[in-house]
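Peer 1: heads up, no residue letters with this:
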C-alpha cells in the first residue's frame, strides 16, 4: 500500500514532464522504492519508525552514509560467516573455511566498533543486536575450529601409536608413553573426550591395528626369546674338545651373552606385554642359569679352572722336531725376530716346499722354522720361513727370512725339548 501511495504522489508531481522524462523519473522512483522495501527488516512493521523505518533503529538504505555502510558490512559479513559455518560448507576445507570466517568477522568487528563508538548509533537496539549476533557467530566458529583442532591433535597422537605399532618407529610426542599402558590410557581419554570423532572409520581402523599389535603381535617375541635363552644354556653345557662342559672355561662369556635377552625381557615386560605369564617363565629359566654361572664366577672357581687349563696348554707347547740342520738358516731366523730374545731355531722340514699361485705357477719356495722367543720373562713359540723367490725359467733368488711373529705361549723349561 505504501509503495502505491508513493508512486501516485510522484506521478502527480511529474505530470508536466515530457514522455521520455516521465519514463526516466518513474524508473528511478521504482528502483528507490524497491531498495527501500528490501532494507526493511523482517521484524519491522508497516508503520515504520522515526529512526529509519525499523523498530530496532537500523539505518535506512543510503550507500553514501558511513553509518549505513558500516551497518551493511557488519550485517553482510556475519551472514557470510554463518553460511560457511554450515557443516556442508565447513567440512569441505576446515582450515580454509576458518581463515575465511576469521577474515569476515574481523571486518565485521571493525565496522561494528565504528557503530559502537558513534554516540547516537551506539544507543540503538540494532547495534546491540549486531554485537550479540557477532559474539554468537564467533563463539560458533571458535567451538567448531577448537573441535577440529582437538580432533587433529588426537589424530596425530593416534598416528604416533600406529607408526610405533606397525613400523617400529619411535614415538616423538613426549606426552605419550610408548607402552601398552600409555596406549590404553590414551585410547580411554580419546573415547571420553572425543566421543563422536572416535567413531570415525579412519580412527577405528587405526585402533584395530594398534589393538592387534598389543594383543597379539607383541607376544610373538616370547618364542624367539625362549629359543635364545635355551641356545645359550645348551652351548654353555656342551662338551668342549677337552671333554669338559664349556661354561667351565667360558662362564664369563655366557654371562655376557645373557645381557641381551635380559634387557629385551625387561623392556617387553615394562612396555609391551600386559600378560606376563609366558615371559616370566622364560625369565625364571634364564635367571636360574645366570645365578649358577654368577656363583661359579664370583667364587673364583672359573678363574682357577681357566688358569689350570691355560697352564696345561702352555706346558703342552713344543717346538716341532728338527728335520734339517743349517747353521746359516738358523742364524737368519734367530736374527729375524723383531721383538724379544730368540733362543732357539728349528727347521721343521727336510725339503724345500713350493708355494704356487692359483694357476699353478711357483711364487717361492720355503723352509718352515719354529723359534723359541723370550719376551718380558715369558717364553713363546714363534713361526717363520726361509724363502727363495721364484725368478722364472726354473730359477730362484737368494735366501731371506720371513717372520710370522709370536704364536703360542710355552713353558720356558720346554724351549730346548
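Peer 2: Nice, I can see it. The model shown is predicted, which means the values in this text are computed figures rather than measured ones.
Peer 1: apart from its chain neighbours, what residue comes closest to residue 347?
Peer 2: Using CB to CB, 6 or more residues apart in numbering and skipping residues adjacent in sequence, the residue nearest residue 347 is residue 324, 4.2 Å away. Just so you know, the C-beta spots here come from the backbone N, C-alpha and C atoms, and that holds for glycine as well.
Peer 1: how does this protein divide into domains?
Peer 2: 1-37, 40-169, 219-312, 319-414 (automatic domain parsing).
Peer 1: sorry, back to before: distance-wise, check the residue nearest to residue 347 relative to residue 164.
Peer 2: For residue 324, the distance to residue 164 equals 71 Å [CB to CB, to the nearest Å].
Peer 1: about what we covered before: the domains of the chain: which one's closest to residue 183?
Peer 2: Smallest distance to residue 183 across the domains of the chain (CB to CB): 5.5 Å, for domain 40-169.
Peer 1: circling back to that earlier point, residue 324 and residue 164: who's more crowded?
Peer 2: Comparing residue 324 with residue 164 by other CB atoms under 10 Å, the one with more neighbours is residue 164, at 20 against 16.
Peer 1: ok, the nearest residue to residue 276 once chain neighbours are set aside to residue 378 distance?
Peer 2: Once flanking residues are discounted, residue 276 sits nearest to residue 269: 5.6 Å by CB to CB, 6+ apart. Taking CB to CB as the measure, residue 269 falls 49 Å from residue 378.
Peer 1: re earlier: wait, what's in contact with the residue nearest to residue 347?
Peer 2: With contacts defined as CB atoms under 8 Å, 6 or more residues apart in numbering, residue 324 is in contact with 347, 349, 350, 367.
Peer 1: residue 286 now?
Peer 2: Counted by CB under 8 Å, 6+ apart, residue 286 has contacts 229, 258, 261, 262, 265.
Peer 1: report pLDDT for it.
Peer 2: pLDDT for residue 286: 97.
Peer 1: quick one: which of the contacts of residue 324 is most hemmed in?
Peer 2: residue 367 leads the contacts of residue 324 on contacts (other CB under 10 Å) with 23 neighbours.
Peer 1: packing partners of the host helix or strand of residue 132?
Peer 2: Using DSSP states H and E, residue 132 sits in helix 125-167. When contacts are defined as 3 or more CB pairs under 8 Å, 6 or more residues apart in numbering; DSSP states H and E, helix 125-167 packs onto helix 66-84, helix 94-117, helix 180-193, helix 201-215.
Peer 1: try 6 Å this time
Peer 2: Here helix 125-167 touches helix 66-84, helix 94-117, helix 201-215, going by 3 or more CB pairs under 6 Å, 6 or more residues apart in numbering; DSSP states H and E.
Peer 1: helices or strands next to whatever helix or strand comes next after the shortest one in the packing?
Peer 2: What it means is helix 201-215. The helix or strand immediately downstream of helix 201-215 is helix 221-237, counting by DSSP H and E. When contacts are defined as 3+ CB pairs under 6 Å, 6+ apart, helix 221-237 sits against helix 247-257, helix 259-267, helix 277-298.
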